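**Student:** Have a look at this prediction, sequence included:
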2 protein chains.
Amino acid sequence: MPAPLFEAVPNFSEGRDEAKISRITDAVRATLGVRVLGLHSDPDHNRSVFTFAGEEDAVLSGAVALAKACAAELNLVSQTGEHPRMGVLDVLPFVPLEGATMEGAVRLARRAAEILGSLGFPVFLYGAAATAAHRRDLPDVRRAGYEGVAERLKDPGWRPDHGPHTLDPRRGAVAVGARPFLVAFNAFLDTDDAEVARTIARRVRESGGLPAVKALGFLVGGRAQVSMNLTDLERTPIPVALEAVRSAAAELGTSVESTELVGLAPLAAILDTTRYYLGLRELTADHVLETRLHGPPDS
Amino acid sequence: MPAPLFEAVPNFSEGRDEAKISRITDAVRATLGVRVLGLHSDPDHNRSVFTFAGEEDAVLSGAVALAKACAAELNLVSQTGEHPRMGVLDVLPFVPLEGATMEGAVRLARRAAEILGSLGFPVFLYGAAATAAHRRDLPDVRRAGYEGVAERLKDPGWRPDHGPHTLDPRRGAVAVGARPFLVAFNAFLDTDDAEVARTIARRVRESGGLPAVKALGFLVGGRAQVSMNLTDLERTPIPVALEAVRSAAAELGTSVESTELVGLAPLAAILDTTRYYLGLRELTADHVLETRLHGPPDS
């Protein structure tokens, strides 16, 4: 039985200076037992999303090394960008992967929060690791960014879980949490009217009644885009989300021209999608040649 | 760069006696470097299909060990079954997998054919390993089974490529070949009329004009079934074959109730299917979490 694997997806407040981004991510790459899965730096938002995985202790070490590097390299006072940030290391979610449970990810998040607190970061636990119901949702935790956090510190319900109860304006605060694996999936419409995308996004979220779907409408490359985060694929799998968008689009006289997957999807989500559309009675990883060639011999 | 992998899919003429089947397959399991992917024994056809994979030399050793075990354990004279068999080891195809080419599989098939010939098996090379155009198609090579082969031996165009030019009635002859990976995919119809399945199979093969698709109609478990072998997924991917069946079924007033994948499918075929139905701009193994977690670090 291999050890459980976890993923960390830190968001840090630097998306322009490649040298700084390299030094920050190299701190993780130098950590034994960590595998880097992706780095997405956005100059407009001046923000990077970094993804790495490994066993619990390796991911914890990588996250701590990254936090130290963020504190050494970045300064929130001189940082500008569209995204409402609250800290140099802004958000640090942990995700259970193979063999891991959400309880394990919560434990890892709380271990990380304690260490980051001792390093001088005010830490708010969120998601499954939250210590109070009103602190579960990330948008509530970081509402109005650094200024919002500074304002709320007077409220006993918004004291940090770890670290100082005052904000260093150069470093800010960090939200550390545990959440399920998230699939980012976008549908491009056959129209340049962003309002149509926003209407579809609203319907999919609300009257469409799909649970565990966050949807927004944008104009991307001259084309209306419904941008979705699927936060629990067991409750709403990819094909169910897409068919809801297709049907809302048809009602509004347009259609889905193409789609894109941003980042990674678990094999199980790909298999579910294939099973759904082919009408397969059964499809598991055991039916996949590569799994049988490279997986455990008894799989 | 890992060594190229090959698959062997021997069909041998025993599908009932479990002790014999075990002894024959154990000869392969005992071969170093071979991974068993599947065993399907059919008592009606009195025939087993065994699948294993590995690097070239390991697969060659496994195939030779299996041929020797078939010769030791089985006797075609006392063997009965519906399938028109021509030998105890009836068919031995080699398939290029990861990193391997069809040229590599042809070389492997010819190495195996030479060794089997020296062990006393009359060997006909077929598929991409065939030595003459009229010997490429397996149905032509084994037409009318053992009796057909015995009859054709007088014809200089049907001399074995290796081994004796006479048949030992206990052992028979073997077809050794190289072919692409084959996906077995069945569609169950919402009818119990096998004739409808046969009509659809004919249309998909012929007027439907799908290349690299073998299709037959059956009645399975009280339900009409279109049984397909997709022999080249680049020419006809799974969704294209299924949509042809769905559209032919609709024309005949029925529909596809469910489908099944028999055996294994390559990850690429699953990804192609997901991309097709979601309308994804791009989807490669690099988008799959497990590939990134367990594959080569630079993938």
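**Tutor:** Here it is on my side, so go on.

**Student:** Determine the number of other residues adjacent to residue A:73.
**Tutor:** Other residues near residue A:73 come to 18 when the count uses other C-beta atoms under 10 Å in any protein chain shown. For every residue, glycine as well, the C-beta is placed using N, CA and C.

**Student:** Now it: closest residue in space that isn't a chain neighbour?
**Tutor:** residue A:20 (4.8 Å; C-beta to C-beta, 6 or more residues apart in numbering or on different chains).

**Student:** likewise residue A:179?
**Tutor:** Counting by C-beta to C-beta, 6+ apart, the residue nearest residue A:179 is residue A:127, at 4.3 Å.

**Student:** who's in contact with the residue lying closest to residue A:79 once chain neighbours are set aside?
**Tutor:** Closest residue in space to residue A:79, ignoring its immediate chain neighbours: residue A:13 at 5.3 Å, by C-beta to C-beta, 6+ apart. Neighbouring residues of residue A:13 by C-beta atoms under 8 Å, 6 or more residues apart in numbering or on different chains: A:46-47, A:70, A:74, A:76, A:79, A:81, A:83, A:85, A:87-90.

**Student:** now do residue A:142
**Tutor:** The contact partners of residue A:142, taken as C-beta under 8 Å, 6+ apart, are A:84, A:86, A:90-91, A:148-149, A:175.

**Student:** 6 Å - rerun?
**Tutor:** Residue A:142 is in contact with A:86, A:175, counting by C-beta atoms under 6 Å, 6 or more residues apart in numbering or on different chains.

**Student:** Narrow the contacts of residue A:13 to those in helices?
**Tutor:** Taking DSSP state H, the ones among the contacts of residue A:13 that sit in helices are residue A:70.

**Student:** Please tell me which one of the contacts of residue A:13 counts the most neighbours.
**Tutor:** In terms of neighbour count, residue A:87 stands highest of those at 31 neighbours, by other C-beta under 10 Å.

**Student:** which parts of the stretch 51-200 of chain A sit against chain B?
**Tutor:** Residues of the stretch 51-200 of chain A found near chain B (C-beta under 6 Å from any C-beta of the partner chain) are residue A:53.

**Student:** Run through the stretch 51-200 of chain A and note the low-pLDDT ranges.
**Tutor:** A:81-83 (pLDDT under 70).

**Student:** Please enumerate the helices of it.
**Tutor:** For the stretch 51-200 of chain A, helices defined by DSSP state H, counting those that start in this stretch occupy the ranges A:56-73, A:102-118, A:138-141, A:145-152, A:194-205.

**Student:** Quick one: closest of the ones you listed to residue A:267.
**Tutor:** helix A:102-118 (19.4 Å; C-beta to C-beta).

**Student:** Against which helices or strands is that closest one packed?
**Tutor:** Counting by 3 or more C-beta pairs under 6 Å, 6 or more residues apart in numbering or on different chains; DSSP states H and E, the packing neighbours recorded for helix A:102-118 are helix A:56-73, strand A:89-96, strand A:123-127, strand A:174-178.

**Student:** which residues touch the residue in chain A that chain B sits nearest to?
**Tutor:** Across chain A, the shortest distance to chain B (C-beta to the nearest C-beta) belongs to residue A:277, at 3.8 Å. In this structure, residue A:277 makes contact with residue B:277, judged by C-beta under 6 Å, 6+ apart.

**Student:** Kindly report the domain assignment for chain A.
**Tutor:** A:6-178, A:183-265 (automatic domain parsing).

**Student:** what about the residue lying closest to residue A:210 once chain neighbours are set aside, neighbour count?
**Tutor:** Nearest non-adjacent residue to residue A:210, counting by C-beta to C-beta, 6+ apart: residue A:236, 4.9 Å away. Residue A:236 has 21 neighbouring residues, counting by other C-beta under 10 Å.

**Student:** right, and the secondary structure at residue A:236 would be what?
**Tutor:** coil (DSSP: H, G, I helix; E, B strand; the rest coil).

**Student:** got a list of what it touches?
**Tutor:** A:210-213, A:230.

**Student:** Which residue, neighbours along the chain excluded, lies closest to residue A:160?
**Tutor:** Closest residue to residue A:160 apart from its sequence neighbours, by C-beta to C-beta, 6+ apart: residue A:122 at 3.9 Å.

**Student:** The closest residue to residue A:18 other than its chain neighbours: neighbour count?
**Tutor:** Nearest residue to residue A:18, sequence neighbours excluded (C-beta to C-beta, 6+ apart): residue A:41, at 7.9 Å. Counted with other C-beta under 10 Å, the neighbours of residue A:41 add up to 18.

**Student:** Regarding residue A:41, what is its secondary structure?
**Tutor:** From three-state DSSP, the assignment for residue A:41 is strand.

**Student:** If it is in a bridge, with which residues?
**Tutor:** Beta bridges link residue A:41 to residue A:48, judged by DSSP bridges.

**Student:** Touching, it and residue A:48? I think so.
**Tutor:** Yes. Look at residue A:41 against residue A:48 with C-beta atoms under 6 Å: they come within range, at 4.3 Å.

**Student:** tell me, what's touching the two both at once?
**Tutor:** Counting by C-beta under 6 Å, 6+ apart, the common neighbours of residue A:41 and residue A:48 are A:15, A:21.

**Student:** hang on, the residue nearest to residue A:73 in a helix?
**Tutor:** Yes. Counting by three-state DSSP, residue A:20 is located in a helix.

**Student:** What is the neighbour count of it?
**Tutor:** Neighbour count for residue A:20, taken as other C-beta under 10 Å: 18.

**Student:** My read is that it contacts residue A:75, right?
**Tutor:** No. Using C-beta under 6 Å, residue A:20 makes no contact with residue A:75, being 10.4 Å away.
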